[in-house]
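Peer 1: show me the folded form of this:
(chains A and B)
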Amino acid sequence: MSEPVHTLPGPDDITRTTLKNGITVLVRSNDNSPSVFINGFLPVGSLFDSDTKLGLADFTASALMRGTTHRDFQQIYNDLESIGASLGFGGGTHSTSFSGKALSEDLDLLLQLVSEALRVPLFPSEHIERLRAIHLTGLAIRAQDTEEMASLTLDKIIYKDHPYSRPDDGYPETISEITQMEIAAFHKKHYGPRNMVIVVVGAVDPQQVIEKIDGYLGDWNNPLQPDPPDLPKLHHLEKTIIKKCTISGKSQSDIVIGVPGPERRAQDFLAAAIGNNILGQFGLFGRIGEVVREKAGLAYYAYSSLNGGVGPGPWSVSAGVDPENIARIVELIENEIKRITREMVSKNELEDSQANFIGRLPLSLESNAGVAGALINLERFDLGLDYYQRYPDLIRAITQEDILLAVNNYIDPNRLGIAVAGP
Amino acid sequence: MEIPITRVQLSNGLLVLLKEIHTSPIISHWIWYRVGSRDEATGKTGISHWTEHMQFKGTPLFPAGKLDKAISRLGGVWNAFTFLDWTTYYETLPADSISLALRLEADRMGNSAFVEDEVSSERTVIISERQGSENEPLFRLGEEVQAAAFRVHPYHHEIVGDMADLRTIQQEDLYQHYRTFYTPGNAVLAVAGDFGTTSMLEEIRQLYEMLPAGNYVPRLSRQEPPQEGERQVTVEGPGETTYIQFAYRAPTANHPDFLPYTVLDSLLTGPSSLNLFGGGISNKTSRLYKALVEKELAVSVAGGLQATIDPFLYCITATIHPQKQAQQTVQAVDQEILRLQEDQPNPEELVRAVKQARALFAYGSESISNQAFWLGFSEMFDTYAWFESYLDRLAQVTPEDVHRVAQVYLRPQKRVLGIYQPTGNKPERQDE
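Peer 2: Next up, the predicted model:
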């Protein structure tokens, strides 16, 4: 008979430890399903990439499982897929992340492969060329994706001369130039256990998991491992700037309007997140959805999003629209942005969003993957093991004034980036 | 350990399935209607999907806009899907708030407003949804392949509908469609999560049993004639990337060949599950990945079967390597299929496929929403017993079965071959 899990994750059921070499491990048991989910990250990302080799960190991450000193590519995936397991690595701006899942009886294999891929990858040349073709195809597809191109165009506007203006997966010209030796050298220099985090959630015993991870990764060291570079200061826009990326032959255009938003660790992050929920998420897309989709019937999707990562990720409003309606929709969205910077949100709106934030937490923690994602955030942003238990009170403490202040800390309606991609 | 379920039919025909799961204080509630794009005549394509949109426009009891807010305030999620054979609506909510979902769905089974103004504004929303899909090369290709595969059967059009019909369908068409198909006798209610079966069933009876069963539900019955010879379609469009799609004939989900076909798909393109939540795994040891991606003819390959009421399609889709031609991939796929038709697969490959399926089942079982999904979904093409016996039946599939299915279904004469040919333009940036 399975036991009910009625409590939010907290210090009483999360086991956290830091190994001698700097790897932090978090484990939470869940015996309700015979599966296990792992995820984690290392502090190495595209911030280390030069402009001419942009995409190197991401390319390196994608090549980790193409062969190790212990197993070749086919053997790695044969071992994984034969048991219905999966494991993958991916590069980001600040970090390289991994995630995988298996039946809990097969956890050892996942941990062995994480260890091998991180410590002894071989980067075989034939696989690097194969991956290069995959990456270049991905970039060709990206160039045709109106949503992605609008986002990239926005990043160019609002993060001028800042690393956030660059796509982590690079450009065709940079990916074409990266060599196998550069990938191997990048790995050797930047990959190491210091400040690495690994989370395991599922039908497992926490102490046994920690012992296993210590066994596979506890003796890993890299004296060369550098500290992540500091982010340069942002240059804020002096006026609203509009740019268009033309992609002919498309039926629909995408619009993204935005600014650099709060860091996840910012004091006013949760107030900004509630403001964002009111602006373009609550119900079917908040105020933005109400005016653009429900009243005007001008778009299938029109919503706002707030990234809130390690640095000042974008806070933006997106809509997919008929190219003939672009000017009208930009005006509708700008009006809503002005409104939320000038007027306090109503008491009802605030209470609705507070209830939504508190109520949706259990649903987001339904699966092992959901819990693992939540534990990663605890560690990545130093939120504390009791964060999810304190969370309802933190949300309830936010006031209408807090939201107005937070919104105005980041959004000036006269200094927006506006990006359009489409025919 | 399989959790027992309750399966009851009310006097008005509404089929109710309940599954108690007490692992999390959550309940997931799904109502399924036996109506989808298969029920749409020429001139009315997309009407099932549009009706689904209109169901979010409110009733006198739950006016538009209030529904979204009420669910969001509780921290719940809700959504709806329209498919070839069915339309479904779900709400996953904290267990103590599930009454809202029960009352809402019982109410909008018969009392949705379908106001003219709302029909007008939703027309442009759906046209926008279709335009967004048209931006995707694989949507354009898939639409043409499907149309080429079904000349007669209503599976021939995309669920979103043709633009010509999206411009001309009227309020009275939508309301008529709603009144015809949204009845207890044409619906399945499935609930899984943290509740007691007796009290849940009682609440359902109080809300639904007074609703009239509804009239006879008319069905289009246009059987697809046998295909005589390969059909080819080419779609030209923007971009630099070539895609190909092979569409072979597939049996119905309750046909004895469906599970051997599932194993065949697993061997060819990797394991896939019909889970709506829970995700899949990679396919790098599948036969076609080795033959196409490792040989640098393609950069990705995927395949999949759909569980349908009438025979549908088994599709294999590949993204062609930037320096290769589509025809080389066609030849390589043909060789791999020939290999399956000539030689029985190794029994170990089948054992592996069963283990993979067991793992995918375990991932899917983490989600109460996914478990509730299966309660109703399986009833759309068979019964819940189909799902319960799935792993056991999969384990009984033999190499001979897979070999035979490859010979019967994977013949070039019975397929549609689609190619998306890019016209090669690159985007340009300009300031305004």
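Peer 1: which of the residues in the worst-scoring helix or strand of chain A on mean pLDDT are buried?
Peer 2: One helix or strand of chain A scores below all others by mean pLDDT, DSSP states H and E: helix A:361-364, with a mean of 88. Using 16 or more other C-beta atoms under 10 Å in any protein chain shown as the test for burial, helix A:361-364 gives A:Leu361, A:Pro362, A:Leu363. (Each C-beta comes from the backbone N, C-alpha and C, glycine too.)
Peer 1: how does chain B divide up, domain by domain?
Peer 2: B:6-208, B:231-422 (automatic domain parsing).
Peer 1: got those domains as a markdown table, with distance to A:Leu332 columns?
Peer 2: What follows is the domains of chain B, written out as a markdown table (distance: least, C-beta to C-beta, whole Å):
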| stretch | distance to A:Leu332 |
| --- | --- |
| domain B:6-208 | 14 |
| domain B:231-422 | 28 |
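Peer 1: just the closest of the buried residues of helix A:361-364 to B:Glu224, please.
Peer 2: Nearest to B:Glu224 out of these is A:Leu363 (C-beta to C-beta; 41.5 Å).
Peer 1: what's the closest non-adjacent residue to A:Ser62?
Peer 2: A:Leu131 (5.9 Å; C-beta to C-beta, 6 or more residues apart in numbering or on different chains).
Peer 1: ok, now which ones touch B:Ala353?
Peer 2: B:Val263, B:Ser266, B:Leu267, B:Pro271, B:Leu394 (C-beta atoms under 8 Å, 6 or more residues apart in numbering or on different chains).
Peer 1: let's see 10 Å
Peer 2: Listed by C-beta atoms under 10 Å, 6 or more residues apart in numbering or on different chains, the contact set of B:Ala353 reads A:82, A:84, B:262-267, B:270-271, B:345, B:394-395, B:397, B:402.
Peer 1: which of these are buried?
Peer 2: A:82, A:84, B:262-267, B:270-271, B:345, B:394, B:397, B:402.
Peer 1: could you measure from the closest residue to chain B within chain A over to B:Gln371?
Peer 2: Using C-beta to the nearest C-beta, A:Gly359 is the residue of chain A that sits closest to chain B, at 2.0 Å. From A:Gly359 across to B:Gln371, the span is 21 Å (C-beta to C-beta, to the nearest Å).
Peer 1: neighbour count winner among those two?
Peer 2: For A:Gly359 versus B:Gln371, neighbours defined as other C-beta atoms under 10 Å in any protein chain shown are more numerous around B:Gln371 (22 against 19).
Peer 1: so where does that one fall, helix or strand?
Peer 2: According to DSSP states H and E, B:Gln371 maps onto helix B:368-381.
Peer 1: kindly export that helix (C-alpha atoms) in PDB.
Peer 2: C-alpha atoms of helix B:368-381 as PDB (Å, rounded to 0.1, in the frame of the first residue of the first chain):
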ATOM      1  CA  ILE B 368      -2.700  11.400 -11.700                       C
ATOM      2  CA  SER B 369      -3.800  13.400 -14.700                       C
ATOM      3  CA  ASN B 370      -2.200  10.700 -17.000                       C
ATOM      4  CA  GLN B 371      -4.000   7.900 -15.100                       C
ATOM      5  CA  ALA B 372      -7.300   9.700 -15.500                       C
ATOM      6  CA  PHE B 373      -6.500  10.300 -19.200                       C
ATOM      7  CA  TRP B 374      -6.100   6.600 -19.800                       C
ATOM      8  CA  LEU B 375      -9.500   5.800 -18.000                       C
ATOM      9  CA  GLY B 376     -11.400   7.700 -20.700                       C
ATOM     10  CA  PHE B 377      -9.000   7.500 -23.700                       C
ATOM     11  CA  SER B 378      -9.100   3.700 -23.800                       C
ATOM     12  CA  GLU B 379     -12.900   3.800 -23.900                       C
ATOM     13  CA  MET B 380     -12.800   5.900 -27.100                       C
ATOM     14  CA  PHE B 381     -11.500   3.000 -29.200                       C
END
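Peer 1: alpha carbons only: can I get the next helix or strand after that helix in CSV?
Peer 2: Sequence order places helix B:384-388 as the next helix or strand after helix B:368-381, per DSSP H and E. C-alpha atoms of helix B:384-388 as CSV (Å, rounded to 0.1, in the frame of the first residue of the first chain):
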residue,chain,number,x,y,z
TYR,B,384,-10.2,0.2,-20.1
ALA,B,385,-9.4,-3.5,-20.2
TRP,B,386,-7.3,-2.7,-23.3
PHE,B,387,-5.1,-0.5,-21.2
GLU,B,388,-5.0,-2.9,-18.2
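Peer 1: remind me which residues of chain A are low pLDDT?
Peer 2: For chain A, applying pLDDT under 70 flags the ranges A:1-6.
Peer 1: what about the residue in chain B that chain A sits nearest to, which SS state?
Peer 2: As assessed by C-beta to the nearest C-beta, chain A sits closest to B:Gly75 within chain B, at 2.0 Å. Under DSSP: H, G, I helix; E, B strand; the rest coil, the three-state class of B:Gly75 is coil.
Peer 1: hmm, it is touching A:Leu365, no?
Peer 2: No. Counting by C-beta atoms under 10 Å, B:Gly75 sits too far from A:Leu365 to count as a contact (11.4 Å).
Peer 1: these two: which has the busier surroundings?
Peer 2: Per other C-beta under 10 Å, whichever of B:Gly75 and A:Leu365 has more neighbours is A:Leu365, with 24 against 20.
Peer 1: what sits closest to the more buried one if chain neighbours are left out?
Peer 2: A:Val371 (5.2 Å).
Peer 1: next, the distance between the ends of stretch B:32-44.
Peer 2: Terminal residues of stretch B:32-44 lie 21 Å apart, using C-alpha to C-alpha, to the nearest Å.
Peer 1: tell me which element the residue nearest to A:Leu365 falls in.
Peer 2: Using DSSP H and E, A:Val371 falls in helix A:368-380.
Peer 1: for that helix, buried residues please.
Peer 2: Quick answer for helix A:368-380 (16+ other C-beta under 10 Å): A:Asn368, A:Ala369, A:Gly370, A:Val371, A:Ala372, A:Gly373, A:Ala374, A:Leu375, A:Ile376, A:Leu378, A:Glu379, A:Arg380.
Peer 1: ok, back up a step: and which of the contacts of B:Ala353 is nearest A:Thr15?
Peer 2: Distances from A:Thr15 to the contacts of B:Ala353, taken by C-beta to C-beta, are shortest for A:Gly84, at 26.5 Å.
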